[in-house]
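Q: can't give you the sequence, but here's the structure:
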């Protein structure tokens, strides 16, 4: 690896002002939508951070922004390394080790070094390359950030670094939640923040939103059309629509990950069509196998799990019982797409829409389809916050989400995206000792049965990522 090639990706080594000309940062600065990305990264301590997330979500921009912030604060520019492993043509972990060693020889210290390795999972044995550096003591005084788009590769790599990561932790950069979306488009909005999901607390926070006069309904309608990915959200903010090529950028990124995982595009198309048709409904791997050419229910499961690993959707299991934190693994599952834009992109690709934006607006005009999408948005937001401890419930009644925290039931959440929630919706949760009904616009609190009815826009706005 020639230092000349490496220096082209690090022009701030020669001129600190060059970081201001970086294409990713210039696009960020020119964007009508500025996402506030806050990740718990400390460059003052030795550590290996692993940042996962889907393609085109802003991981590279985050790394470049971190470097720019450090340069502006007076950090020595030559102590900062950015390496796009894919563009540099690296293939194996040994090549990665030699690249980092070459950088460390350029700037041996005493300043702290920050090493940003973008798309590191493209390399075979990348974790072994980093492990060799740790074992040699080469990463003392160094903070490493490694990114990748495939959760399986990054997770496996992280598992091969036991006891060698220092202060580093696993991080995930998702598309914007609705709360982040509001912060990006209305930075002056002072939103309350939920500490938990106790129904009374949820009602109080949503009531505070209403009392402050924060008009969130229109922003939520917009969020359902654009989703939280930076490029489509910014495109709408600029011109009021999303051009077809934006959808195809994300389509190609997803298909690239599918092929890289060793999966067939034709099977993915069939599976995607089935998931969209059954969005929010219970399904069994055998049902999918029977209605597609995939054939084996085991293959269906592998495809679904691989696509979950590239952050396309979340698999939600059924709860055994309201008070049981264990999932019913053999019961039917539900699949919820992670972001509204993913839904619109998949529909455009699967059904061959030439005007994806028009197709998205047409779908959103259907109240039943919109309700299913809102249910997926609510559940995906809960999964991002509470991880695998979000299930659905079906015994004497069916509840869209039951959330557990520290082994205890935090709250059941039912989505009834309509103007007026009928008595049955409240009774459903009263049998479980209370809960949260997510409505379209109704805001109410029933103290007797401890059921809060709150608008989806308010609930998601106060739900912290």
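A: Everything's here; your move. Please read all numbers here as calculations on a predicted model, not as lab measurements.
Q: let me know the pLDDT of the residue nearest to residue 297 when sequence neighbours are not counted.
A: Spatial nearest neighbour of residue 297, excluding adjacent residues (CB to CB, 6 or more residues apart in numbering): residue 285 at 3.9 Å. The way it works is simple: take the backbone N, C-alpha and C, and place the C-beta from them, glycine included. pLDDT recorded at residue 285 is 93.
Q: the stretch 1-150 of the chain: strands as residue ranges?
A: 47-52, 80-84, 113-118, 142-148 (DSSP state E, counting those that start in this stretch).
Q: in a markdown table: those, plus distance to residue 256, mean pLDDT and mean neighbour count.
A: Shown next, in a markdown table, are the strands of the stretch 1-150 of the chain (distance: least, CB to CB, whole Å; pLDDT from 0 to 100; neighbours: other CB atoms under 10 Å):
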| stretch | distance to residue 256 | mean pLDDT | mean neighbour count |
| --- | --- | --- | --- |
| strand 47-52 | 16 | 89 | 24 |
| strand 80-84 | 16 | 94 | 23 |
| strand 113-118 | 16 | 95 | 24 |
| strand 142-148 | 13 | 90 | 24 |
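Q: and residue 432, which of those is closest to it?
A: The closest of these to residue 432 is strand 47-52. By CB to CB, the value is 33.9 Å.
Q: thought the residue nearest to residue 297 was touching residue 304?
A: Yes. Under the criterion of CB atoms under 8 Å, residue 285 makes contact with residue 304 at 7.5 Å.
Q: residue ranges for the strands of the stretch 201-350 of the chain, please.
A: Remark: strands assigned in the stretch 201-350 of the chain by DSSP E, counting those that start in this stretch are 313-316, 318-321, 324-328, 334-337.
Q: winner for burial among those?
A: strand 334-337 (a mean of 25; mean count of other CB atoms under 10 Å).
Q: what's that strand in contact with?
A: The contact list for strand 334-337 (CB atoms under 8 Å, 6 or more residues apart in numbering) reads 275, 278-283, 304, 312-316, 343, 346, 375-376, 379-380, 383, 392.
Q: neighbouring strands - and their directions - for that strand?
A: Counting by DSSP bridges, the strands paired with strand 334-337 are strand 313-316 (antiparallel).
Q: ok, the nearest residue to residue 18 once chain neighbours are set aside to residue 70 distance?
A: Using CB to CB, 6+ apart and skipping residues adjacent in sequence, the residue nearest residue 18 is residue 11, 3.8 Å away. Distance, residue 11 to residue 70, using CB to CB, to the nearest Å: 15 Å.
Q: check residue 448 too.
A: Counting by CB to CB, the gap between residue 448 and residue 70 amounts to 55 Å.
Q: of these two, which one has the most company?
A: residue 70 (19 against 7; other CB atoms under 10 Å).
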